[in-house]
Every structure is written in C-alpha cells, then in structure tokens.
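In: what shape does this take:
(one chain, ligands or ions: 1)
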Amino acid sequence: MNQASTRTNRLPSAQARAPGKIILSGEQFVVLGAPAVAMAINLYSKAKARSNLNKRVQVEVDIPTRFLSKADPYPPNSQEFLRPLRIAVEATLDRIGKRRQGIDVSVDCEIPIAAGLGSSASTTVSIISAVSKSQGVDLSRKEIFKLAFVPERYLHGKPSGVDQATCIYGGSIEFTRPASIKPIRVQTEPILLLCDSGIHHETKTLVGSVVKQSETKRKIFRDYLSQVREISHGVSKALRSGDSEDLGSLMSLNHELLRKIGVSHPKLDRLVNTAKRAGALGAKLTGAGGGGCVVVVCPTARSRERIAKVFRREGGRPYMITKDTDGVESSAPS
Ligand code: PMV
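Out: Prediction:
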C-alpha cells in the first residue's frame, strides 16, 4: 500500500443501514393529523461516510436499475437527484458543529424508489447516521428524527415524519404528528405480500393535492379523518392480538378512503381486487399512492405464493417481505 492510500484509509469513516417501510393505515391522512400505522421492512439502504481532505461534500448513490423507471423525474446521480442527499449530509455536519468538514458519502439502496417504500427517508436516515458516526458522534434516535425533516421537507414539502420514524425505530409503530411514536407489540406477525405496480409517483404532488382538497372539503375530510383514526386504532389492536382477518378488512377499508381522495391508480385498484379474488384477507395501496406498491394480508404462506404468482402474471413485481426489528444501525471501524 502506498503512503497516500494508507493516509486515506486512516481518515475517520463509518457505515449505517436503515430499513424501508410500509404503511398499513393512515397515509396521506397522517399529514392532516390522523394516526398512521407503519412497519419497517427487510429492504435496506446502506450509507458509507469517510472524511476527506479536500473539504468537499461528495455524494454518490447506487440503485439497481430494476428499481428505476423511465418515468422517474431525475436520473440517479444527477444533481437534482442528489440534492436532498447532500442536504442530509450538510444538515448533519452543521448539527454536530463540523460545517467545514469534507466528506465522501456513498449510498447503496435496495429499496425501489418512488414506490411508497420510504426509499428517501431510509437513505436520509442512513446518511445522517453514517456521517455523524464517522465524526465520532452518536446521535440519538430523537435527534436523527428531527434532522431528517430537513431533506424530507425539501423533497416532500409537508412530511408528517411517519417515514423517517419507522426507518429509525424499526418494528411496527403507531405514529401521530408531530412526534408521537408508539411501538406496537405484535402478537403473531401477519403474512404480508408486497407488489410493485411499476408506476412511480411524486409524493410532493400527491400530498399537495390532498392538503388542498382538505381545505375546500372540510366537512367530508372531518369525517374521513375520524374514520382513519378508528381504522388505525383497529389496525394497532389487530396487530397486538394477531387478528389477520380484522387487519385485512381494515386495510381494505382504508384503500377505499384513499381511492375516494383520488390517490389510487387503476393499476393499484386492479392489483387490490386481484389479490382479494385470489383469497387475500385484505389489501391496500401503501405510501403516497398514484402508483407504487400495494400491500396484501395473506391467510397462509401458501396462499401468499399463489397470490404472488397471480401478481407476476398481471405484470406486477411481488416481494415477500418480513418485518425489520432493529431500525437504523451504524458502526465505525475500531
Ligand atoms: O413518500 P411515500 O410514498 O413513502 O409516502 C409517505 C407517506 C405520506 O403520508 C403520503 C406522506 C407523509 O409524509 O406522511
């Protein structure tokens, strides 16, 4: 090893990993104050951070091409795509008092982007965690939660915080704005199947349209919000007691509400109906809507295989997901 590379290897570095998430109830309405129930899943983003000597912040990201779509507004590694990630790095350095520190950050993301699975929150959280750890600072989960609003606001306009909360804490949580995060002790894990419609969305536009509607249709939205409140409390209860039938029917009810406010998509409705016809206990879109994924509650592992096969025939991409229990984790070489 030459002298220069020995020197580079000695520069402080760290890595972090954060899960993606699904929302079992309450997306969109959570921005307006209703509770949402979300679960961290076993798809991850991983960030590596290493100090550099040239005082520049350099960020690059690697996303498998199968997770990208021609409809994505910006290609990965374009300035526009990397902007929120750079914001996450700079906000972290600012917070730990190292504004002038140069740093190289690379991110591997195995979470489909713009598909309702929290890819942006997960990468933001893993970046914040790796960057702070590389500078010898262990931020608390609460501090990471607060910091993640900086890039999330840039990207989504009006984030509720549910995405980053789930990626940070892991497991299943009931979340209410601004920062109530209640872990749910799950009796028996439901058998869940995820299916990506392949249509990608922009959260900011969808949330904006819902917020606008809520201002002009106040009475209807009051009613929707109280229904979502009951649905989310029911979903938490069904998870706690291991009642997958209740869980499924509440999630299907929630899908109907999301359809009513115009954030579903014909392909998502088709996948939801296909799943139910194939024996699912319930199904709904997950995340902002307008495309992205549906999440399905299956009665048995066998039926999950069967429904996945049907999805593949319909042109969807199924994922057999399980829960992530750890949330964000970071480490630095000793
Ligand atoms: O960006 P997505 O698709 O993972 O959705 C985030 C969930 C929303 O409720 C739509 C927005 C929010 O900040 O809560």
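In: quick one, what contacts the residue of the stretch 51-200 of the chain found nearest the ligand?
Out: Among the residues of the stretch 51-200 of the chain, residue 160 lies nearest to the ligand; the distance is 3.3 Å by Cβ to the nearest ligand atom. Heads up, the C-betas are built off the backbone N, CA and C, glycines and all. Remark: with contacts taken as Cβ atoms under 8 Å, 6 or more residues apart in numbering, residue 160 is in contact with 30-31, 36, 175, 177.
In: hmm, who's touching stretch 229-245?
Out: 24-26, 34-37, 172, 174, 182, 184-188, 190-191, 246-247, 250-251, 253-254, 257, 281, 297, 299.
In: list the ones among those that fall in strands.
Out: When the contacts of stretch 229-245 are checked against strands using DSSP state E, the ones located there are 24-25, 36-37, 172, 174, 182, 191, 297.
In: buried only: go through the residues you listed for me.
Out: By the neighbour-count criterion of 16 or more other Cβ atoms under 10 Å, these include these buried positions: 24-25, 36-37, 172, 174, 191, 297.
In: ranges for the strands of the stretch 1-150 of the chain?
Out: Applying DSSP state E, counting those that start in this stretch to the stretch 1-150 of the chain gives strands spanning 13-25, 36-52, 57-62, 102-109.
In: looking at those strands, which is buried most?
Out: Across the strands of the stretch 1-150 of the chain, the average number of neighbours (mean count of other Cβ atoms under 10 Å) peaks for strand 13-25, which reaches a mean of 27.
In: can you pull the contacts of whichever residue of the chain sits closest to the ligand?
Out: Using Cβ to the nearest ligand atom, the closest approach of the chain to the ligand is made by residue 287 at 2.9 Å. Contact partners of residue 287, counting by Cβ under 8 Å, 6+ apart, are 22-23, 27, 115-118, 201, 203, 293.
In: where does it sit relative to residue 147, distance-wise?
Out: 22 Å (Cβ to Cβ, to the nearest Å).
In: quick one on the thing from earlier: pick the one among the ones in strands among the contacts of stretch 229-245 closest to residue 142.
Out: Proximity of those to residue 142, judged by Cβ to Cβ, is greatest for residue 182, which lies at 14.4 Å.
In: quick one: name the residues of this structure near the ligand.
Out: Selection of the chain residues close to the ligand by Cβ under 6 Å from any ligand atom yields 27-28, 30-31, 116, 118, 156, 159-160, 162-163, 203, 207, 287-288, 292.
In: so which of the residues you listed belong to helices?
Out: Of the positions in the residues of the chain next to the ligand, 156, 162-163, 203, 207 sit in helices, assigned by DSSP state H.
In: quick check: phi and psi on the spatially most central residue of the chain?
Out: Residue closest to the mean C-alpha point of the chain, counted by Cα atoms, centre = their mean, is residue 118 at 1.7 Å. Note on residue 118: its backbone torsions stand at phi 70, psi 30 [degrees, to the nearest 10].
In: now do the residue nearest to it when sequence neighbours are not counted against residue 150, distance only.
Out: Of all residues beyond its chain neighbours, the one nearest residue 118 is residue 21 (4.0 Å), with distances taken as Cβ to Cβ, 6 or more residues apart in numbering. Noted for residue 21: a distance of 19 Å to residue 150, by Cβ to Cβ.
In: check residue 86 too.
Out: Residue 86 sits 11 Å away from residue 150, taking Cβ to Cβ as the criterion.
In: how about residue 75?
Out: Distance of residue 75 to residue 150, computed by Cβ to Cβ: 24 Å.
In: more crowded one of these two?
Out: When residue 75 is set against residue 150 and neighbours are counted by other Cβ atoms under 10 Å, the residue ahead is residue 150, at 18 against 9.
In: tell me which residues touch that one, please.
Out: Contact analysis of residue 150 by Cβ under 8 Å, 6+ apart lists 87-88, 91.
In: out of those residues, who's nearest residue 45?
Out: Out of the contacts of residue 150, the one with the shortest distance to residue 45 is residue 88. That distance is 11.5 Å, counting by Cβ to Cβ.
In: how many neighbours does the closest one have?
Out: For residue 88, the count of nearby residues is 29 (other Cβ under 10 Å).
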